[in-house]
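A.B. asks: The sequence and its predicted three-dimensional model are supplied below.
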Amino acid sequence: MAKQVLTNVAVTFGTANSDISNYVASITLDLTKAEVATTSFGSGGAVTRIAGLADNSITLELHQDYPTIEKLFYDAWAAGTAVPMTVKPNGTAAASSTNPQYAFNVLPLTWQSVNGAVGDIATASITYPIDGNVTKTGTGA
Amino acid sequence: MSYSVTDIKTGLANALRTIPGLRAYAQQPDNLNAPFAWPMLDSITYNGAMRGGLVTHIFVVSVVVGRSAERTAQTALDGYLSYEGSTSVRAALEADRSLGGVVQNLLVESASNISTMDGNDATYLMVDFRVVVYA
């Protein structure tokens, strides 16, 4: 697939797999592993390292909507337990190499019920830590 | 939410028609019969959210008030420009910020360009309102 701009990212949130794509202004799925130093006197004078535990997160810039978005995220925040999310960069079509699906659980630790300046569109910014692994699916993905 | 630009213009015109005595049109009218108003699309910004979730339209709603030399026109202009009141353009447009469920939200951002225009051998007083429509 060629280079592309993002206009069609499909995002679901919550146990009911609610489609929140229409409210997502930007999205970042950040996959990170800890760096574990393994440098020793036998490392030949250079730092050596291995990958440690994964500690992933997702950041969303959302357009607010009462109650569609606010209730969904407030309830998740109030419950305080991990909820499922999925992200597909190119729409709702079946997962594939050009549209891989990333599925994971997030822990909704924060929520912005009201955010914005007078006259501006209401928004909410969230960064949730991912609980467990991120599962990537799609043939050839 | 399914809509067209024409739907939005029609919704704006319907809202303007709630102002007593003001004729409102979805398109620019051919005849000068003041006071009258119509919305003109200035710009559209697509892709404010994923999957077509937010399209931002900027409309300029022009109101031709009446002959500029008439005191009644100047008084009417004050009413159209007021934040509140039975002839407030802002109040009329924001009374139903979904335009009957056509759009997600709208905001009358400002009024400006208070000026005159010539037509029918007369000079008319007019003003423009900038309206941001989120669809």
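C.D. replies: Arrived safely. Numbers count the residues shown, from 1 in each chain, chains lettered A, B, ... in the order given.
A.B. asks: Remind me which helix or strand the spatially most central residue of chain A belongs to.
C.D. replies: Here the mean C-alpha position of chain A is nearest to the C-alpha of residue A:58 (CA atoms, centre = their mean), at a distance of 2.8 Å. Assigned by DSSP states H and E, residue A:58 belongs to strand A:57-63.
A.B. asks: which parts of that strand are buried?
C.D. replies: Under the neighbour-count criterion of 16 or more other CB atoms under 10 Å in any protein chain shown, strand A:57-63 has A:57-58, A:60, A:62-63 buried. No exception for glycine: its C-beta is placed from N, CA and C like everyone else's.
A.B. asks: Redo those as TSV? Include pLDDT and distance to chain B.
C.D. replies: Below are the buried residues of strand A:57-63 laid out as TSV (pLDDT from 0 to 100; distance: CB to the nearest CB, whole Å):
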residue	pLDDT	distance to chain B
A:57	98	19
A:58	98	14
A:60	98	10
A:62	98	9
A:63	97	6
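A.B. asks: Return the distance of the strand holding residue A:58 from the chain's centre.
C.D. replies: Offset of strand A:57-63 from its chain centre (CA atoms, centre = their mean, to the nearest Å): 7 Å.
A.B. asks: tell me what the next helix or strand after that strand is packed against?
C.D. replies: Scanning forward in sequence from strand A:57-63, with DSSP H and E defining helices and strands, the next element found is helix A:68-79. Helix A:68-79 makes packing contacts with strand A:10-13, strand A:57-63, strand A:123-137 when contacts are defined by 3 or more CB pairs under 8 Å, 6 or more residues apart in numbering or on different chains; DSSP states H and E.
A.B. asks: please redo it, this time with the cut-off set to 7 Å
C.D. replies: In terms of contacts (3 or more CB pairs under 7 Å, 6 or more residues apart in numbering or on different chains; DSSP states H and E), helix A:68-79 is packed against no helix or strand at all.
A.B. asks: Pull the residues that contact it.
C.D. replies: With contact meaning CB atoms under 7 Å, 6 or more residues apart in numbering or on different chains, helix A:68-79 is reached by A:13-14, A:18, A:20, A:23, A:62, A:64, A:83, A:108, A:111, A:113.
A.B. asks: So which elements touch the next helix or strand after that helix?
C.D. replies: Using DSSP H and E, the helix or strand that follows helix A:68-79 towards the C-terminus is strand A:83-88. Using 3+ CB pairs under 7 Å, 6+ apart as the contact test, the elements touching strand A:83-88 are strand A:10-13, strand A:101-106.
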